[in-house]
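**Student:** My questions concern the predicted model and sequence given below.
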Amino acid sequence: MYWDRFRKHSKRQDGKEQKMGIVENGVFFDRTCVEIDKSALKHNIQEIRRITDPKADIMAVVKADAYGHGAYEVAKTLLDNGADGLCIATIGEAVHLRQSGITSRLLILGGTDIESYEDAVLYNIDLAIYDKESAVALSNEAVRQGRVCDIHIKLDTGMGRIGFPVDGSMNDEIAEICKLPGINPYGIFSHFAVADTDDDEYTMKQFEAFTKEVEDLKAMGIEFKKRHICNSAGIMRFPNMHMDMVRAGLILYGYKPAGCPEGYTDIDLKPVMTWYSKVVHVKTIPEGTTVSYGRHFVAKRPTKVVTVSVGYADGLSRRLSNGFELIVNGQRLPIIGNVCMDMCMLDATDMEGEVKKGDIVTIFGKGRPADELAEALGTISYEITCDVGKRVQRIFAD
């Protein structure tokens, strides 16, 4: 029913479709929503393709529901505009994409429970392998199904998370894994720890350790079709390290990692997600009146209070209480009192012009990067977009 209403208000009077943003008409959403701008997404993947070595595949990272943007719609848009495959984090994410009709290569970057190998093989999902026990179990399952599963050997070059060591001590085990029946050693990869900082010496050490390990395995007769180590920062800053494949994450969604030094290649990125809410009430309270739970805000003058239909259950952190600003009619208004579960209140006393029920409120996105929220909360933009709640409507605009 919601989509019927959305499409009705997205048509011109002559019945032809027109592109309209959320701001043009508040009836597009109930209380809060995010607009996913697919044209920005297309632009970003094309920019990534432009700066990536033409010989390297681009794997688009759409884990965590595409960083909160909506995995299926994002995946389809990216694959239609230059991505060669997708990276996810869990078997559930992978199966969801397969059942939604996605047929491209899917790679689970982290660990997968042995109990899920039946689905991994059945749905043709690439798995990261970093121990022999898992590899043997996967081999047995693939043989049982009469199929072959592509694997990517994971090396730990300095992240300290998962992966085989790169000191040569487990090369014989890696070689044994790659010769197991039902397994195709398609890729080998690692992950940069500080490519988004100026510690280039550490990044270089990781890359050198990775390439040496790959060469040592090659000398043992073990070769891989795809070698990959570059994340978003690596793509931008180290074009000589693109190898056979890169993994684009945050930059797909229009942001550079916070504090990332300028790369060797310029890239133009556009934020894909804009988070909106709306004004649901406006009133003036007298001096001395308190606002919200805990009574942490006390009006020092007659104060115009604007109530907005977004709260911490939607992903607007309670830590933004008493001070962080939201944008109403192009003006920044501070939150007063504690952010509630479903609402928050703003001080519009000094606002120029009128504010009324139904006016659009912008939390982040177009004209206001998610980096501002991240900085206020002492976190990163990845967490900001991922934390937008599932009850917040996603609206995809072409």
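**Tutor:** Ah, there it is.

**Student:** where does the stretch 101-250 of the chain have low pLDDT?
**Tutor:** Nowhere does the stretch 101-250 of the chain drop to pLDDT under 70.

**Student:** show me where it has helices.
**Tutor:** 117-122, 132-145, 171-178, 200-219, 232-237 (DSSP state H, counting those that start in this stretch).

**Student:** Kindly compare burial across the ones you listed and name the winner.
**Tutor:** helix 232-237 (a mean of 25; mean count of other CB atoms under 10 Å). Quick note: C-beta positions are derived from backbone N, CA and C, even for glycine.

**Student:** one step back: could I get the helices of the stretch 101-250 of the chain as JSON lines with distance to residue 291?
**Tutor:** Formatted as JSON lines, these follow (distance: least, CB to CB, whole Å):
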{"stretch": "helix 117-122", "distance to residue 291": "50"}
{"stretch": "helix 132-145", "distance to residue 291": "54"}
{"stretch": "helix 171-178", "distance to residue 291": "61"}
{"stretch": "helix 200-219", "distance to residue 291": "48"}
{"stretch": "helix 232-237", "distance to residue 291": "40"}
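
**Student:** So for residue 226, which of those helices sits nearest?
**Tutor:** Among the helices of the stretch 101-250 of the chain, helix 200-219 comes nearest to residue 226, with 11.0 Å by CB to CB.

**Student:** Quick check: which of the helices of the stretch 101-250 of the chain is nearest to residue 376?
**Tutor:** helix 232-237 (22.5 Å).

**Student:** sorry, back to before: of all the helices of the stretch 101-250 of the chain, which one is nearest residue 366?
**Tutor:** Comparing the helices of the stretch 101-250 of the chain by CB to CB, helix 232-237 comes nearest, at 21.0 Å.

**Student:** elements contacting the closest one?
**Tutor:** Where contact means 3 or more CB pairs under 8 Å, 6 or more residues apart in numbering; DSSP states H and E, helix 232-237 is packed against helix 38-51, strand 245-248.

**Student:** among those, which is nearest residue 324?
**Tutor:** Nearest of the helices and strands packed on helix 232-237 (CB to CB): helix 38-51, 24.6 Å.

**Student:** Show me what secondary structure element comes after the closest one.
**Tutor:** The helix or strand immediately downstream of helix 38-51 is strand 57-61, counting by DSSP states H and E.

**Student:** Contacts for the helix or strand that that next one is followed by, please.
**Tutor:** Remark: after strand 57-61, the chain's next helix or strand is helix 63-67, criterion DSSP H and E. Helix 63-67 is touched from outside by 61, 71, 73-75, 87-90, 93, 109, 249-250, 253, 382, 385-386, with contacts defined as CB atoms under 8 Å, 6 or more residues apart in numbering.

**Student:** Please identify the deepest-packed of the helices and strands packed on helix 232-237.
**Tutor:** Most buried of the helices and strands packed on helix 232-237, by mean neighbour count (mean count of other CB under 10 Å): strand 245-248, with a mean of 25.

**Student:** strand partners of the stretch of helix or strand residue 33 belongs to, parallel vs antiparallel please.
**Tutor:** Assigned by DSSP H and E, residue 33 belongs to strand 32-37. Within its sheet, strand 32-37 is paired with strand 273-285 (antiparallel), strand 393-397 (parallel), according to DSSP bridges.

**Student:** Need the winner for burial among these.
**Tutor:** Of all these, strand 273-285 has the most neighbours on average by mean count of other CB under 10 Å, namely a mean of 20.

**Student:** what angle separates it from helix 38-51?
**Tutor:** Counting by axes from the mean of the first three to the mean of the last three CA atoms, to 10 degrees, strand 273-285 lies at 140 degrees to helix 38-51.

**Student:** mean confidence score for strand 273-285?
**Tutor:** Across strand 273-285, pLDDT averages out at 97.

**Student:** Output the contacting helices and strands for the next helix or strand after that strand.
**Tutor:** Sequence-wise, the next helix or strand downstream of strand 273-285 (DSSP H and E) is strand 290-291. Secondary-structure packing of strand 290-291 (3+ CB pairs under 8 Å, 6+ apart): strand 297-298.

**Student:** residues in contact with the strand it packs on?
**Tutor:** With contacts defined as CB under 8 Å, 6+ apart, strand 297-298 is touched by 288, 289, 290, 291, 322, 336, 337.
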